[in-house]
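> I would like the atomic coordinates for the input below:
(one chain, ligands or ions: 2)
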Amino acid sequence: MNAVPLPIPADEIWRRGPDDEDPLDRIASALRETGYIVLPAPLPPALLGSLLRHFRSIDRARFQSAGVGRDQEHQLNQFVRTDEIFWLDKSNPAVVAYLNWAETLRLGLNRRLFLGLFDYECHYARYDRGSYYKKHMDAFKGSTNRIVSTVLYLTPNWQPQDGGELQIYAPDSDTVIEKVAPRFGQMVIFLSEEFPHEVLTSNRPRYSVTGWFRVNNSLGETIDPAR
Ligand SMILES: O=C(O)CCC(=O)C(=O)O
Ligand SMILES: [Fe+2]
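Residues are numbered from 1 along each chain as shown. Ligands and ions are numbered 1, 2, ... in the order given. Reported below is the predicted structural model:
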């Protein structure tokens, strides 16, 4: 692969906290122990700024109404979700830097948790005023290859009255265990098959990058993941 210009040096892409703990150790042990972690600012500010500029530069018309389910089951269901998405590829340097970061996370989690994560897919999501995503699972055991979900928030100057929090429920339950503010730079990482979750109605435009680490379920001539 060609060297791609990064907005920030690759060796500065993981920032250590004041306790000098390796952030990958912290994320891995949280996933092992509780299944999720909220990180207030895991990425360098320069990268967040470049991602937001890229997000805003994309014409509205290029975002697609988000569907529910995959492939043949894929359907638009406005009762469930009203956000719009834009799948990401390596054509923008900020996205490349973000994907490099995700790649180090993938390798770090595989090394520590033996998850066998194979790749990462991600899209931008925009929730216009009044948009939501009702309670759902990102993956059901045995029927999908999404293993770890990530959401990075890019909404500038988010205020509590803006709503749009991510509500995480205990596994198989209606009990809310965490409410994550979609604050600029904040990220949440969770096991896709464990936690029902919901995006509460947003009272202003809400921007995010949602992604999934997947395992490779390809068998014989059936290629899975499909895309
Ligand atoms: O944006 C969020 O907080 C979560 C989005 C989500 O659950 C999804 O896209 O599957
Ligand atoms: Fe989700």
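> mind checking if stretch 126-140 is in reach of ligand 1?
Yes - Stretch 126-140 comes into contact with ligand 1 (C-beta under 6 Å from any ligand atom), by way of 133, 138. From N, CA and C alone the C-beta is placed, and that goes for glycine too.
> run through who's touching that stretch.
Residues from elsewhere that reach stretch 126-140 (C-beta atoms under 8 Å, 6 or more residues apart in numbering): 55, 63, 66, 68, 79-86, 145-147, 149, 164, 167, 169, 192-193, 195-208, 212.
> in strands only, show me the residues you listed.
Counting by DSSP state E, the contacts of stretch 126-140 place 68, 84-86, 146-147, 149, 167, 169, 197-199, 206-208, 212 in strands.
> ok, residue 118 - contacts?
145, 213, 214, 215, 216, 225.
> closest to residue 41 among those residues?
The closest of the contacts of residue 118 to residue 41 turns out to be residue 213 (C-beta to C-beta; 20.8 Å).
> quick one on the thing from earlier: drop anything exposed from the contacts of stretch 126-140.
Taking 16 or more other C-beta atoms under 10 Å as the criterion, what is buried in the contacts of stretch 126-140 is 55, 63, 66, 68, 80-86, 145-147, 149, 164, 169, 192-193, 195-200, 202, 204, 206-208, 212.
> what about ligand 1: which of those touch it?
Within those, those near ligand 1 by C-beta under 6 Å from any ligand atom are 197, 199, 208.
> ok, residues contacting the one helix or strand residue 37 maps to?
Per DSSP states H and E, residue 37 falls inside strand 36-39. The list of residues contacting strand 36-39 from outside it, by C-beta under 8 Å, 6+ apart, reads 23, 26-27, 30-31, 168, 178, 180, 186-191, 194-195.
> tell me which of the residues you listed has the lowest pLDDT.
The lowest pLDDT within the contacts of strand 36-39 belongs to residue 23, with 91.
> distance check, it against residue 140.
30 Å (C-beta to C-beta, to the nearest Å).
> so which of the two has more stuff around it?
Neighbour count, other C-beta atoms under 10 Å: between residue 23 and residue 140, residue 23 has more, with 17 against 10.
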